[in-house]
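Enquirer: Sequence first, predicted coordinates after that:
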Amino acid sequence: MKSNNFRTYIGLRIKYIRILRRLSIVSIANLLKITSKQFQNYEKGKTDFSLSRLNEIAEILNVNITLLIRGYKNQKNFSEQDKIFLINYARIKNNDIRNALFGLIFELA
């Protein structure tokens with residue numbers, strides 16, 4: 001397993017969950033006490049991160065760390081349908097509905 005592919009995979013998972021949670025790069029970077037550019041490099045898979053840093057990110061995103069690494073060996077590219085779903089999901093304004101839907105999807109996956 002190439003580490004840069006693994007970093008890219010995790011970075012994309014972080015990015016999509018961040019978007020689903022409606023969190024900004026700046027807000028997460030501030031919580032991590034790093035620059036926005038450093039956090040963007042995590043999302044792009046350009047920067048290695050420690051397990052403790054990954055755990056911090058998971059806590060901020062309010063997900064179990066395993067969600068960020070699950071499925072790497074069976075990965076596939078996001079389809080257009082996946083991207084459309086994410087965009088529309090992010091448009092749901094009611095946090096309770098978004099969180100319930102997120103939990104349902106997590107349980108079904």
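Expert: Yep, it's here.

Enquirer: Does the closest residue to Leu61 other than its chain neighbours lie in a helix or a strand, and which?
Expert: Leaving aside its chain neighbours, Leu61 sits nearest to Ile17 (4.9 Å; criterion: C-beta to C-beta, 6 or more residues apart in numbering). C-beta coordinates here come from the backbone N, C-alpha and C atoms, glycine included. Ile17 belongs to helix 3-20 when assigned by DSSP states H and E.

Enquirer: list the buried ones in that helix?
Expert: By neighbour count with 16 or more other C-beta atoms under 10 Å, helix 3-20 contains the buried residues 7-18, 20.

Enquirer: And the one helix or strand in the chain whose mean pLDDT sits lowest, what does it pack against?
Expert: Using mean pLDDT, DSSP states H and E, helix 80-90 stands out as the lowest-scoring helix or strand of the chain, at a mean of 77. Contact partners of helix 80-90 among helices and strands, from 3 or more C-beta pairs under 8 Å, 6 or more residues apart in numbering; DSSP states H and E: helix 3-20, helix 95-108.

Enquirer: Could you point out which of the ones you listed sits nearest Tyr42?
Expert: helix 3-20 (5.7 Å; C-beta to C-beta).

Enquirer: if we look at the closest one, which residues are touching it?
Expert: Identification of contacts with helix 3-20 by C-beta atoms under 8 Å, 6 or more residues apart in numbering yields 25, 28, 42-49, 54, 57, 61, 63, 67-69, 72, 75, 78, 86, 89-90, 98, 102.
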